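Asks: Got a predicted model here, sequence first, then my questions.
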Amino acid sequence: MKKFLLLSRYLKLSLLNLLLVLFFFPQLTLAQFVKGGDIGWLQQMEATGYKFYNSNGVQDNCLNILKDKGINTVRLRVWVNPSNNKTSGHCSKKEVAEMALRAKNMGMRIMIDFHYSDSWADPGKQTKPAAWINHTFAELLNDVYNHTFEVLDTLKSIGATPEWVQVGNEIAGGMLWPDGKLWAPDGSAANWGNLAQMLNKGYDATKAVDNSIKVIIHLESGSDNSKFRWFFDNAKNNNVKYDIIGASYYPYWDKVDYTENIDALGNNLNDMVSRYGKEVMVVETGGLYYQVPNTYNMLVAVIRKVNAVPDHKGLGVIFWEPEGEKSWSGYSLSCWSWSGKPTAALDAFLYDLSLGVNLIQNKTEFSVYPNPVYDGLLNIELNGFSGASVISIIDISGKLVKELKIINQTNAVLDVSSLKGSYIISVTNIGERLFKKILVYLN
């Protein structure tokens, strides 16, 4: 409360206006909602000379582009002894440390995804690293602990401690096969005792490096409640330690449109919270890069479902390889076009959870200043607009307060001297409507 009172004094706010600020900027009171990208391919894309361009066609660093699109978190996979294969290798401890530090220095949050393999681990394969292949089960447990500890201790030593760690990747069928393989959904012949020990070794190593890191257990098929209940009921019975339940959600791989199972995803996330008392997160999602409206709408729907989880236990959403453009990766579920620019589907991460609208933050299109307003005049710059535009001021109840129509203008000045508090500025042009928040305080 003390920091809020200081904020109020600094901004010359009344108690009412302070409450309005907190209404419009809930991140002051709640943890920032995770809007993430798994970017394990980025270093290799850069190393092979791939060029990234922002939405205006200007060449830029990919992390800058992602951040401008609302991405605040990166997820990085780590393999034990990977090959140099362009798309199925790399992601070594050293490479992951380099990328984590880059992201950290840009103010982004970090998740580390341990595959416990030399390459892809997923529902169809959970292959032991070659160096561990002949180890006894006791040695395998030490391998899990030591590898986890070594990677995380390295990250901590360079100032890039992650907030989250996945112990395994899409492990409804277990991991480190055959020792940790779960053979059948009904639990028959399942190595639950082995898997539980492996998972707890990863958990213990994580907490030994930094107790504040939260450990995620990640399953595929996020809309499949029976699979999740089966796994986490068994995890509970075998005393598996973890903090967060992570889910993959891919309507494409489920062979349905997202509208057919998005409610099932939401219901499953809610059930995980009520049944096990854990926080939840969608740690992987994606849609076809050439079906831009559908992928955009799917992403917004997923973000809304996760945000709607009770008691703020829905932590966020991560898109898998948004930058992994098809001509480089061969992968079709990215958010990148052949031109080297992000598709409009990535704008879903600009979706504002408090307002239920998409805030396009590209200042070359629409900017306002000063903000907060103290002298009664608000400047609006419209770059790239043509024809007729309608500028509207809307109060927090949704009521239209002031409106200005302009034609072929790139700037306008609005007199807001009669207003006080928090408002929304909207600009409508050729059927597109953009929004920004403003605060008005008069001296």
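Replies: Happy to help now that I have it. Numbers count the residues shown, from 1 in each chain.
Asks: Give me the distance between the nearest residue to residue 331 once chain neighbours are set aside and residue 38.
Replies: What sits nearest to residue 331 in space, not counting adjacent residues and going by CB to CB, 6 or more residues apart in numbering, is residue 324, at 5.0 Å. Bear in mind the C-beta positions are built from the backbone N, C-alpha and C, glycine included. Residue 324 is 9 Å from residue 38, where distance means CB to CB, to the nearest Å.
Asks: next one: residue 46
Replies: Computed with CB to CB, the distance linking residue 46 and residue 38 is 16 Å.
Asks: what about the two, which has more around it?
Replies: residue 38 (24 against 13; other CB atoms under 10 Å).
Asks: So the more buried one sits against residue 78, correct?
Replies: No - shown here, residue 38 and residue 78 do not form a contact pair, counting by CB atoms under 8 Å, at 11.9 Å.
Asks: So for those two, which residues contact both of them?
Replies: Overlap between the neighbourhoods of residue 38 and residue 78 consists of residue 113, taking contacts as CB atoms under 8 Å, 6 or more residues apart in numbering.
Asks: so where do the helices sit in the protein?
Replies: Taking DSSP state H, the helices of the chain run over residues 2-10, 15-24, 42-47, 62-68, 93-105, 137-157, 192-209, 225-237, 251-254, 258-276, 292-307, 326-329.
Asks: Make CSV from the ones you listed and add mean pLDDT and distance to residue 314 to it.
Replies: What follows is these, written out as CSV (pLDDT from 0 to 100; distance: least, CB to CB, whole Å):
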stretch, mean pLDDT, distance to residue 314
helix 2-10, 42, 24
helix 15-24, 45, 20
helix 42-47, 97, 27
helix 62-68, 96, 22
helix 93-105, 97, 23
helix 137-157, 98, 25
helix 192-209, 97, 22
helix 225-237, 96, 15
helix 251-254, 97, 19
helix 258-276, 98, 6
helix 292-307, 94, 4
helix 326-329, 97, 29
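Asks: closest to residue 390 out of those helices?
Replies: Within those, the stretch nearest residue 390 is helix 15-24; the backing value is 22.2 Å (CB to CB).
Asks: where does the closest residue to residue 104 other than its chain neighbours fall, phi/psi-wise?
Replies: Closest residue to residue 104 apart from its sequence neighbours, by CB to CB, 6+ apart: residue 160 at 4.4 Å. The phi and psi torsions at residue 160 (degrees, to the nearest 10) take the values phi -130, psi 40.
Asks: which residues does residue 160 contact?
Replies: 97, 100, 101, 103, 104, 110.
Asks: one more time with 7 Å
Replies: The neighbours of residue 160, taking CB atoms under 7 Å, 6 or more residues apart in numbering as the test, are 97, 100, 101, 104, 110.
Asks: so which of the helices of the chain gets nearest residue 282?
Replies: Evaluated with CB to CB, the helices of the chain place helix 292-307 nearest to residue 282, the distance being 5.7 Å.
Asks: Scan the contacts of residue 160 and report the most crowded one.
Replies: For those, neighbours were counted using other CB under 10 Å, and residue 100 has the most, 25 neighbours in all.
Asks: returning to what we had before: and the helices of the chain: which comes nearest residue 379?
Replies: helix 15-24 (20.3 Å).
Asks: what sits against residue 155?
Replies: The contact partners of residue 155, taken as CB under 7 Å, 6+ apart, are 97, 100, 161, 162.
Asks: try it again with 8 Å
Replies: With contact set as CB under 8 Å, 6+ apart, residue 155 has these partners: 96, 97, 100, 110, 112, 161, 162.
Asks: Neighbours of the last one, how many?
Replies: Okay, so that is residue 162. In terms of burial, residue 162 registers 28 neighbours under the definition other CB under 10 Å.
Asks: For residue 96, see how far away it is.
Replies: Using CB to CB, residue 162 is found at 10 Å from residue 96.
Asks: Name the residues contacting each of the two.
Replies: Joint contacts of residue 162 and residue 96 (CB under 8 Å, 6+ apart) are 112, 155.
Asks: got the buried residues for stretch 246-263?
Replies: By neighbour count, with 16 or more other CB atoms under 10 Å as the criterion, the buried positions of stretch 246-263 are 246, 247, 248, 249, 250, 251, 252, 254, 258, 261, 262.
Asks: Reformat these as a markdown table; add distance to residue 335.
Replies: Formatted as a markdown table, the entries for these read as follows, by distance: CB to CB, whole Å:
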| residue | distance to residue 335 |
| --- | --- |
| 246 | 20 |
| 247 | 19 |
| 248 | 17 |
| 249 | 15 |
| 250 | 14 |
| 251 | 15 |
| 252 | 13 |
| 254 | 19 |
| 258 | 15 |
| 261 | 21 |
| 262 | 18 |
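Asks: what sits against the residue lying closest to residue 319 once chain neighbours are set aside?
Replies: Take residue 319 and drop its neighbours on the chain: the residue closest to it by CB to CB, 6+ apart is residue 37, 5.3 Å away. Under the criterion of CB under 8 Å, 6+ apart, the neighbours of residue 37 are 66, 71, 73, 74, 75, 318, 319, 321, 322, 323.
Asks: one more time with 6 Å
Replies: 66, 71, 319, 322 (CB atoms under 6 Å, 6 or more residues apart in numbering).
Asks: In strands only, show me those.
Replies: Using DSSP state E, the subset of those located in strands is residue 319.
Asks: nearest to residue 32, of the contacts of residue 37?
Replies: Checking these against residue 32 with CB to CB, the nearest one is residue 71 at 11.8 Å.
Asks: so what pLDDT did that closest one get?
Replies: Residue 71 carries a pLDDT score of 97 in this model.
Asks: just to revisit the earlier point, most widely separated two among the contacts of residue 155?
Replies: Based on CB to CB, the longest span within those runs between 96 and 161 and measures 12.9 Å.
Asks: Counting neighbours, go ahead and name the busier of the two.
Replies: Using other CB under 10 Å as the criterion, residue 96 and residue 161 rank with residue 96 on top: 25 against 18.
Asks: my read: that one touches residue 76, true?
Replies: Yes - with the criterion set as CB atoms under 6 Å, residue 96 and residue 76 qualify as a contacting pair; they are 5.0 Å apart.
Asks: For residue 336, which non-adjacent residue is closest in space?
Replies: Looking at residue 336 with CB to CB, 6+ apart, the closest residue is residue 325, at 3.9 Å.
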